[in-house]
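**Student:** Okay, here's the prediction I keep looking at, along with the sequence it came from:
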Amino acid sequence: MELTFGNIARVNLLAGVLEYVMHVLLFRSSMGGRGNKKRTCLFIVVYELFISLVASSFFYYGFVQVQVMFVLYNYMLVGIWTIWIRFVYRARWRDSIVISAVAEFFYICAEHMTGFITPHNYDLTVFWELICYVINDWFGGAIAVAVMILLLKHMRIDQVLQYFLYDAGKKKWWRAAAFLLPGLPLVSIYLANERRLLNNDNPMAVLLCLLLVYSIFNYGMQKKQMEQQKLSIKQQELYICSLESVQRDMRMFRHDYKNMMSGVYVQAREGNLEAVQEFVSGMMDAFEQQVGNQIRQTTQIGNIRNLEIKGLFVAKAAGAQSRRVRCDLEVIAPIEKVNVSAWDFCRMAGILLDNALEAVEGTERPYFSVMLSQNEQCTTLRVKNPILDEAPANDIWLEGYSTKGEGRGMGLVSLRRIVDSYEHVFLFSNCENGEFIQEIKIQEG
């Protein structure tokens, strides 16, 4: 087979389909969701154009034999997949770059694992050698990527990346370190082989790089779990404090009730029914204001059986109370679990609750209501708050848009990205009777 540009491009077109599928599966593991199916199918055209033109040119003109150019080519792939993540998942550019670089690192490691079964260098000008190379590279690489995906799911790479992107994001250095990851195995191979390359492979060097990065990410996951445990303990303490507060209020009310009863007893004996009625009415109002709301809210929170979700609502209710905002919480039926990760549900619910709290704080009507329900078909979270500053319906989803000033407006954008990463999660927003209503529905099954 003559190695003309056309023949190389045709082979790369076929290889590009398999590579695209493997990359998509790998990115799904990294993103924790499927993304937009239609956009995923459309983007294969862009990838095939890149493979048939750029990749074929690099091979035809021998650029892949130059280590610097080979590294450059892999970073061009990082750029392509950055655009893909932005296009399919609507992630921020800076997050897309990091996720693309990390996922490409794992893909490069999986691809070079085929070096363990590579017997010798292939002469690609010989037809049967080319066939053996294609079988080894395509099918061996597909098996290696499948094993890598199982490994990433085991280490819950999507949650690790979320931790680095959203919790550890204040430290800028780690983003630069993540961007350098794709070049790490390539440079390691070059240095380990001392320029005597066996099909550009040295699987032991790549394996060491993989173990190093795996250890770092595993440490990040352990740290995240410890922080979640601390947060859960703190939230449980808040829940216990709310129960103790109800108990204290009940004792105080009982003491006041006994004192007031001694006074009304004389009026009842004298037949002053109007005074007795006023006392009973006032006592009921006082009980509702002093104890009733807290008992009702504590009872509603008790219906949430998932500790992470319960802790979130306890913390948000306590935060609203400390800022003198009334939060009416209604939990219809016990909530055992939801059909998304508890991490993503808490992020979605937290965004809606924080937005509602910020919208009404310091206003004449400082209250918002939350309803959480679950049945066999779906789990529903509905948050309502009075409308104060009306915003165009389309503008609230723009990155950085906010009626509260600069440096805000990222919440609903992040919420939309989380919702779009699941095919069975739906977000609805509308205005009704002077209230802004946002509803998340999660299909069960």
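**Tutor:** Good, I have the coordinates.
**Student:** The residue nearest to Ser52 when sequence neighbours are not counted sits in which helix or strand?
**Tutor:** Nearest residue to Ser52, sequence neighbours excluded (CB to CB, 6 or more residues apart in numbering): Ala9, at 4.6 Å. C-beta coordinates here come from the backbone N, C-alpha and C atoms, glycine included. Ala9 is located in helix 5-31, with elements delineated by DSSP states H and E.
**Student:** ok, now Phe368?
**Tutor:** strand 367-374.
**Student:** For that strand, which residues meet the burial criterion?
**Tutor:** Buried residues in strand 367-374, counting neighbours by 16 or more other CB atoms under 10 Å, are found at Phe368, Ser369, Val370, Met371, Leu372, Gln374.
**Student:** Next up, the contacts around the second one.
**Tutor:** For Ser369, the contacting residues are Cys327, Asp328, Leu329, Glu330, Val383, Lys384, Asn385, by CB atoms under 8 Å, 6 or more residues apart in numbering.
**Student:** again, only this time at 6 Å
**Tutor:** Counting by CB atoms under 6 Å, 6 or more residues apart in numbering, Ser369 touches Asp328, Lys384.
**Student:** With adjacent residues omitted, what lies nearest to Leu151?
**Tutor:** Looking at Leu151 with CB to CB, 6+ apart, the closest residue is Tyr214, at 8.0 Å.
**Student:** A helix includes that neighbour, no?
**Tutor:** Yes: assessed with DSSP: H, G, I helix; E, B strand; the rest coil, Tyr214 lies in a helix.
**Student:** distance of it from Met155?
**Tutor:** 7 Å (CB to CB, to the nearest Å).
**Student:** ditto for Val383
**Tutor:** Distance, Val383 to Met155, using CB to CB: 34 Å.
**Student:** quick one: least confident helix or strand in the chain?
**Tutor:** Scoring the helices and strands of the chain by mean pLDDT, DSSP states H and E places helix 273-287 at the bottom, with a mean of 65.
**Student:** So which residues of the stretch 301-445 of the chain form helices?
**Tutor:** 307-322, 342-360, 411-420 (DSSP state H, counting those that start in this stretch).
**Student:** Tabulate those in CSV, adding columns for mean neighbour count and mean pLDDT.
**Tutor:** Converted to CSV, the helices of the stretch 301-445 of the chain look like this (neighbours: other CB atoms under 10 Å; pLDDT from 0 to 100):
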stretch, mean neighbour count, mean pLDDT
helix 307-322, 19, 81
helix 342-360, 20, 88
helix 411-420, 18, 78
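**Student:** Turn those helices into CSV, including distance to Leu427.
**Tutor:** Converted to CSV, the helices of the stretch 301-445 of the chain look like this (distance: least, CB to CB, whole Å):
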stretch, distance to Leu427
helix 307-322, 18
helix 342-360, 8
helix 411-420, 5
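**Student:** Tell me which of these lies nearest to Tyr47.
**Tutor:** In terms of CB to CB, the element of these nearest to Tyr47 is helix 411-420, at 20.6 Å.
**Student:** show me what contacts Leu25?
**Tutor:** Ile149.
**Student:** circling back to that earlier point, per-residue confidence at the residue nearest to Leu151?
**Tutor:** Per-residue pLDDT puts Tyr214 at 83.
**Student:** same thing with the one 5 residues further on?
**Tutor:** At Tyr219, the model reports a pLDDT of 79.
**Student:** neighbours around Cys132, how many?
**Tutor:** By the criterion of other CB atoms under 10 Å, Cys132 has 16 neighbours.
**Student:** helix, strand or coil for it?
**Tutor:** Three-state assignment for Cys132 (three-state DSSP): helix.
**Student:** number of nearby residues for Arg251?
**Tutor:** Neighbour count for Arg251, taken as other CB under 10 Å: 10.
**Student:** Surely it is within a helix?
**Tutor:** Yes: residue state for Arg251 (three-state DSSP) corresponds to a helix.
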